[in-house]
Structures are given as C-alpha cells and as structure tokens.
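> model the following, please.
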Amino acid sequence: MAMKYLAIFVISIPSFLFAQELAKDIEEDSTELQHQIPINPNKVDDQGRKTGKWTILYDKGWNEIENSGEAAFYRLITYKEDKPVGKMGDYYRSGQIQMEGVLISDNPVIFDGEIIWYTKEGKIRRLAFFNEGLAEGSPNWAKKYDSNPKKIRLIIRGDDFGNTHASNLALDQAFSKGVMTSASVMSGAPWFTETAELIRANPEWSIGLHLALSSGTDRLNWGPLAPISEVKSLVAEDGNLYLSYPNSPLSLYYIEEPTYLFSSDQEMPAKALERRRLLTSNKIPNINEVEKELRAQIERALSLGVRIDYLDCHMGVACNPLLAPVMIKLAEELCVPIPERDWMGTTNVWEAYDGDVSYNVEKFVNMLDLLKPGTYRIVLHPTIDNVESRAVDSYFGVKSAPAGQNDLNMLMSKEVKAAIERNGIELISISDLWDYEKCQMRSPSN
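As a prediction, this is how the structure comes out:
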C-alpha cells in the first residue's frame, strides 16, 4: 500500500508527513501479516464437488489466489455437494470481518437474508436484505437469477459519461473500437450537451440515464437541474449537489461510493479532507425533492434527443432502498428497467472502484476465462487520462484518471476480444434483456 502511493505523496505533502504516512502503512501492513489466516482442508468429494469447511484466499482485487502471503482478504465458508450452507464470512487480512451473511450460491453470487459489510475498523458500512438474490424493495418486474443457464452472456457497461470532454472521447472509442455494450450518461453534468450530440449520431447505442444526486468529486461538481430553492436538501453550501452522503443513514443501505472516499482519512492531507467534509451530507434528502430533481434530469435528456433505454444511479444513491421507490416510479412511467441491485438477474463480476491500475488486461482475461454459464455484468469507468480528467478531484484525480484510461484500454484490447470469442461469450446490452412493448424482462428464450 505504501509503495503504491509513493509518487503521489512526494508531490502532495511535505516529506516529513510522507515519512509519517509511510511508517504508518508499514506498521499496518506488518500487523495484518502477523494475523494467522485459518486454513481449512478445502476438500472435494468423489464427484469433485466442494464439501466441508473451506478457506478461500483473495488478492486486493478479489481475484482468487493460492498464496496466503499475498492475500488481502479471505473467506470462511462451508459447502455440501458444491453448494454453500449456513452463514459465511469474508475477512480482511487482519482478521477483521468484512462481510457476513448467507450465500445460497457462490457462482453466481446469490445472497439470502441480511447481509452486512464492515469497514476495516469494524464499523457497519452497508446493510442489505435479500430474498433468494432479490434485494428488499425490488420492483415487481425484477428477475431472479437463471437457475439453469445454457450460455455465458455478458453486459459491459461504462459509467459517468458527460462529466468531462475526456469521458465523451472515451464513450465514442469504447463503443466504436471496444466491447462496451451499454453506457450510462449524466444529463446534469457539465459536458452532457456534447454527450447528447454523440448519442444522437449513434442511435444503435444502448444508453441509460445515470441519475445523480451527488458528484463524487470535489472540483468537478455541478448544481441541480431543478431550481435550488425547490431542492434545498440536495444542495451543499457551494450551491452544487453534495459530493457524497458518507455520514448519512443512506450510507448503511446500498451506497456504491468507493470506500476510499473517507475510509483512508489517515492518508489524506488535512486540507483535502476538510474540503471534502464541507461538501458532504449527514442527512437523508427530502424524497419529494429527490423526485423533482430526477424528473428534471430525465426531462433534460429527452429535450436533447437522448433516447433513454434504462435508468441507473450514480454512486448508488438514488437506488438506495430509502429512495428507490422514486426510481421505480420513474422507470415505470418510462417503461424502462433499472439494472441496479441485480434486479435484472445479472451477477456483477468486476469492481474496480479504487483507482487501482492493477486491474489490468491480464486479470480481465483471467476473469473471462473463469465464467460459467449465466448472465453477468461488468461496470467500468472509461476516460482519457489527461490534464482535464486528472483535475476533477483535488486528491483522487491523479488516481482515477489513469484507472479510467486503463478501463478504456481493456475495452479495446485484442486479448480481451480474443477471450470473449474463445469462451463463446455472448455480448449483450441492458436493452437486450428488456421488452419495451410489455415493460418487463424478456424470457431467457427471447
């Protein structure tokens, strides 16, 4: 961890502070390595099915590995005839619980009952409630996972288009030269007019509206499309939408905010940390004001000739169970789906939220090679790494821009395209799963 941020800290904070941070990272890493990971037998029966207690090791990107010395996380789980039984737990390398609950399938991942995620410090980070894979409060059209899939189907979705010119350049390249199948755009973001021009010129693209109640960055932020006087609960002191809701009750229920936004306070310079705190909220926004703002975002997209194929949520905020009824209502009015919270029967198999460029082509290909029949979703944040994209955030821009370029490179790589063909993977868009005449999910045979 310390070496990963070496170049950044040398530039951004005085050398004596860097030395303190480096020592702290070394101390934390040493403490984690002192913890002895409990190793279970990991047995299989005579038919090759997992049985009994297992210990599964993961690297920091949640890729399964064999060397415990390289593990960032580990899972303790019990199997019977290849199926998980009872409560399982994921743990940080230190031994602190990271997630606990019941899995009724681990491929695809299907939760049941209450699932709790924790920070490294042991605080509850997120709560969710599931009924055989469907989250509590799901719309009536939501689809459970296909219990007998015949082929591998894959949605590759890009997010956050319209926030910069660099993101719009990536939008065009990811569709025209890459394997992206759906794109989520933000109608309130600064560069959306250009985004809309691209979309109108390419009507074959599958486009969703990435409804935003927060910006996620401290330099690139924007105000509501509804009048500020009518949506005051959504607006920070600077007149823009809040950066995030990390201290709000919303944060306990399905917020996809990167955990690094505030979990790494120790490594963030005090000035940057204070800047972020002034732009965040610890309250639940007024649900009527939420509806007014989301309607304004929909109206702007439609007014610029953008066909909306689906709705989803920037940083997960509007899809939070406390606000989701508004999303479901708007989607029903438009006769479009919401591909969040696995409501469309997809399994998310790639999460690279932390600006980590180690999420590379090789790992992407390995993940594709391991897919079994089922319907999967990958979410990326492609952009062009340049001065503009690095300037969007005073602290994280120098990480998110290279990571976004990395995402774009993966989408266009020959190795990824070859792996898709080699494994017989059918690339589909979110639109392919939805019947726009009946306003419901298509059957697997369609």
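
> and the strands in the stretch 201-350 of the chain?
For the stretch 201-350 of the chain, applying DSSP state E, counting those that start in this stretch gives strands covering 207-211, 310-313, 347-350.

> now the helices for the stretch 251-400 of the chain?
260-263, 270-278, 287-303, 324-334, 361-370, 387-390, 397-412 (DSSP state H, counting those that start in this stretch).

> quick one: distance of the fourth one to the chain centre.
For helix 324-334, the distance between its averaged C-alpha position and the chain's averaged C-alpha position is 21 Å (CA atoms, centre = their mean, to the nearest Å).

> can you point out the buried residues in it?
Within helix 324-334, the residues that count as buried by 16 or more other CB atoms under 10 Å are Ala324, Val326, Met327, Ile328, Leu330, Ala331, Leu334. Using the backbone N, CA and C atoms, a C-beta is placed for each residue, glycine as well.

> okay, the residues you listed in TSV with distance to Glu299 and pLDDT next?
TSV is the format used below for the buried residues of helix 324-334 (distance: CB to CB, whole Å; pLDDT from 0 to 100):
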residue	distance to Glu299	pLDDT
Ala324	20	91
Val326	15	97
Met327	16	95
Ile328	18	95
Leu330	11	97
Ala331	15	97
Leu334	11	97
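
> what residue ranges in the chain score low on pLDDT?
Applying pLDDT under 70 to the chain flags the ranges 1-34, 252-267, 351-359, 444-446.

> quick one, domains of the chain?
3-30, 43-135, 152-441 (automatic domain parsing).

> between those domains, which gets nearest to Asp146?
domain 152-441 (6.1 Å; CB to CB).

> got the contact list for Arg295?
Ala226, Leu330 (CB atoms under 8 Å, 6 or more residues apart in numbering).

> how far away is it from Ala201?
To Ala201, Arg295 is 26 Å away according to CB to CB, to the nearest Å.

> the nearest residue to Gly397 once chain neighbours are set aside: neighbouring residues, count only.
Setting aside the residues directly before and after it, Gly397 is nearest to Arg390 in space (CB to CB, 6 or more residues apart in numbering), at 4.5 Å. Burial measure for Arg390: 18 neighbouring residues, criterion other CB atoms under 10 Å.

> residues contacting Arg341?
Contacts of Arg341 (CB under 8 Å, 6+ apart): Ala135, Ser138, Tyr254, Cys319, Ala324.

> of those residues, which is the most crowded?
Cys319 (27 neighbours).

> can I assume it is in contact with Pro325?
No - counting by CB atoms under 8 Å, Pro325 is not a contact partner of Cys319; they are 10.7 Å apart.

> CSV for the helices of the stretch 251-400 of the chain, including distance to Gly424?
Output for the helices of the stretch 251-400 of the chain, formatted as CSV (distance: least, CB to CB, whole Å):
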stretch, distance to Gly424
helix 260-263, 36
helix 270-278, 45
helix 287-303, 36
helix 324-334, 32
helix 361-370, 11
helix 387-390, 35
helix 397-412, 19
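
> what's the closest of those to Thr346?
helix 361-370 (14.8 Å).

> counting by contacts, list what the closest one packs against.
strand 347-350, helix 397-412, helix 414-422 (3 or more CB pairs under 8 Å, 6 or more residues apart in numbering; DSSP states H and E).

> mind checking the SS state of the residue sitting furthest away from the middle of the chain?
Within the chain, the residue lying farthest from the chain centre (CA atoms, centre = their mean) is Asp46, at 38.5 Å. Under DSSP: H, G, I helix; E, B strand; the rest coil, Asp46 falls in the coil class.

> A helix includes Leu76, no?
No - using three-state DSSP, the secondary structure at Leu76 is strand, not a helix.

> grab the nearest non-local neighbour of it.
Per CB to CB, 6+ apart, closest to Leu76 is Gly89, 5.2 Å.

> list the contacts for the one you found?
Here Gly89 is in contact with Arg75, Leu76, Ile77, Ile97, Gln98, Met99, Glu100 (criterion: CB under 8 Å, 6+ apart).

> out of those, which end up buried?
By 16+ other CB under 10 Å, the contacts of Gly89 give Arg75, Leu76, Ile77, Gln98, Met99, Glu100 as buried.

> who's the first one bridged to?
Under DSSP bridges, the beta-bridge partners of Arg75 are Ile56, Asp90.

> quick check: it touching Pro84?
No - judged on CB under 8 Å, Arg75 makes no contact with Pro84 at a distance of 9.9 Å.

> could I get the full set of helices for the stretch 51-200 of the chain?
165-176, 192-201.

> just the buried residues of stretch 304-313, please?
Val306, Ile308, Asp309, Tyr310, Leu311, Asp312, Cys313.

> circling back to that earlier point, rebuild the helices and strands packed on helix 361-370 as TSV, extending it with mean neighbour count and distance to Ser248.
Rendered in TSV, the data for the helices and strands packed on helix 361-370 read as follows (neighbours: other CB atoms under 10 Å; distance: least, CB to CB, whole Å):
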stretch	mean neighbour count	distance to Ser248
strand 347-350	18	24
helix 397-412	22	23
helix 414-422	14	38
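
> turn these into a markdown table, including distance to Gly122.
Output for the helices and strands packed on helix 361-370, formatted as a markdown table (distance: least, CB to CB, whole Å):
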| stretch | distance to Gly122 |
| --- | --- |
| strand 347-350 | 25 |
| helix 397-412 | 26 |
| helix 414-422 | 38 |
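
> ok, Ala201 - how many residues close by?
9.

> typo on my end, it should be Ala183
31.

> pull the residues that contact stretch 386-394.
By CB under 8 Å, 6+ apart, stretch 386-394 touches 163-167, 217-220, 272, 275, 383, 397-398, 400-401, 404.

> at 6 Å what do you get?
Thr164, Ala166, Thr217, Asp218, Arg219, Leu220, Ala272, Thr383, Gly397, Val398, Ala401 (CB atoms under 6 Å, 6 or more residues apart in numbering).

> drop anything exposed from the residues you listed.
Using 16+ other CB under 10 Å, the buried ones in the contacts of stretch 386-394 are Thr164, Ala166, Thr217, Asp218, Leu220, Ala272, Thr383, Gly397, Val398, Ala401.

> list the contacts of the second one.
Residues touching Ala166, when contacts are defined by CB under 6 Å, 6+ apart, comprise Thr383, Ile384, Asn386, Glu388, Ser389.

> switch the cut-off to 8 Å
By CB under 8 Å, 6+ apart, the neighbours of Ala166 are Thr383, Ile384, Asp385, Asn386, Glu388, Ser389, Ala401, Gly404.
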